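*Asks:* I need the structure of the sequence given here:
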Amino acid sequence: MATVIEPIRADDHAAMDGWFDLTLRCQAHDTPDLPRLSRRRHALRLSSPGFERRAWAVRDGTEIVAAAEVALPLHDNLDNGFADGLVAPDRRRRGLGTQLLAHLVADARAAGRARLALQASEGIATSSPGSGFLRAAGARLGQVEMRRRLVLPAVDPRALRDLAASARRAARGYRLVQWTGPTPPDRRTDLAGLIARMSTDAPQGDFTLEGQRWDAERVRRRDAAAAAAGEGRVVTAAQAADGRLVAYTETAVPPDEDDIARQDDTLVAAEHRGHRLGLWIKLANLDQLADTHPEVRAVDTWNADGNRWMIAINDAMGFVPISRVTDWELDLTRGQSGTTAAISAAASGP
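*Replies:* So this is what the prediction gives:
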């Protein structure tokens, strides 16, 4: 009998709760050392500024045993989609993942998208069934990212202070600008320009992506969504002599997620590199995080394997690798039969 795949609506609280429960089960089984998703953030999972988000579920009676979601960019990268899928640990290798992936492909195609990006979590040196499944489905590996963790308080605070002093001397002529929560209105335009450069300056691996388009209004809507999810935000930027922001770093503090903060973007404009601004602002932001969120016991960050500059900074700060994420791209332009055949060949996976 064919599996029934039904949509999840944001206002269907029972379905959203079932999806949340499935997420926690999968996290506990697959990545038990990583922070758990908070219910508050999950409740807003289908409402994200700049994206159209859709989700579907497979039920066994009233229990959701598999789910999938897709995010379609609305401002840029209009040929791309970003997808994810979950199958309950005790329901795997029965074809549910294959059917959900085929559904995601059909939906993305209908929306005019040419590519889907997907991820799989792995150990530091071990591959996962998810990676094998995506490879068998015809996806190609675009990038590998290492998740690193800094446990707080720092093991050697004196070494960090010395590191910060050295970076501060190298950054002579610049000054720090810091805030918590939403971006101050007079900083939104500068920050928008820096965020846009994250999609062109940071290593993107072997992905088909275009530069993102950001403006002050998009920054405002992004910050409002984070506040609605109960997420704290700690930001440090470097300001040049002319008053413009030329570097920034952001740390997010999700609600109720095991007191582990998430290091998000760090970027230094290319014309201002060579002054150790990246290290300076990250160390200053770490101090600000400790002052404003003393409950945080660790910070997690992600670095593409090709980003040797940021990896060197994080190593110097004491971040330690804990897991990997493999990023995959599935070409939807090969024709319905070609993609379907590849996905069918992956049926022994999730």
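
*Asks:* wait, residue 40 touches residue 255, no?
*Replies:* Yes. With contact defined as CB atoms under 8 Å, residue 40 reaches residue 255; the gap is 5.4 Å. (C-beta placed from N, C-alpha, C; glycine too.)

*Asks:* quick check: which element contains residue 333?
*Replies:* In this structure, residue 333 is located outside every helix and strand according to DSSP states H and E.

*Asks:* now do the contacts for it.
*Replies:* Residues counted as contacts of residue 333 (CB atoms under 8 Å, 6 or more residues apart in numbering) are 114-115.

*Asks:* from residue 77, how far out is it?
*Replies:* Counting by CB to CB, to the nearest Å, the separation of residue 333 from residue 77 is 15 Å.

*Asks:* shared neighbours of residue 40 and residue 255, which are they?
*Replies:* Common neighbours of residue 40 and residue 255 (criterion: CB under 8 Å, 6+ apart): 229-230.

*Asks:* between the two, which is the more surrounded one?
*Replies:* Under the criterion of other CB atoms under 10 Å, the comparison of residue 40 against residue 255 puts residue 40 first, with 15 against 12.

*Asks:* phi, psi of that one?
*Replies:* Main-chain torsions, residue 40, degrees, to the nearest 10: phi -70, psi -40.

*Asks:* residue 24 touches residue 34, doesn't it?
*Replies:* No. With contact defined as CB under 8 Å, residue 24 does not reach residue 34; the gap is 11.6 Å.

*Asks:* the two: which is more packed in?
*Replies:* Under the criterion of other CB under 10 Å, the comparison of residue 24 against residue 34 puts residue 34 first, with 17 against 13.

*Asks:* looking at this, that one is in a helix?
*Replies:* No. The assignment for residue 34 (DSSP: H, G, I helix; E, B strand; the rest coil) gives coil, which keeps it out of a helix.

*Asks:* residues in contact with it?
*Replies:* 27, 147, 300, 322-323.

*Asks:* now secondary structure and neighbour count too, for the residues you listed, in TSV please.
*Replies:* Written out in TSV, the entries for the contacts of residue 34 read as follows (DSSP: H, G, I helix; E, B strand; the rest coil; neighbours: other CB atoms under 10 Å):
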residue	secondary structure	neighbour count
27	helix	17
147	strand	20
300	strand	18
322	strand	16
323	strand	20
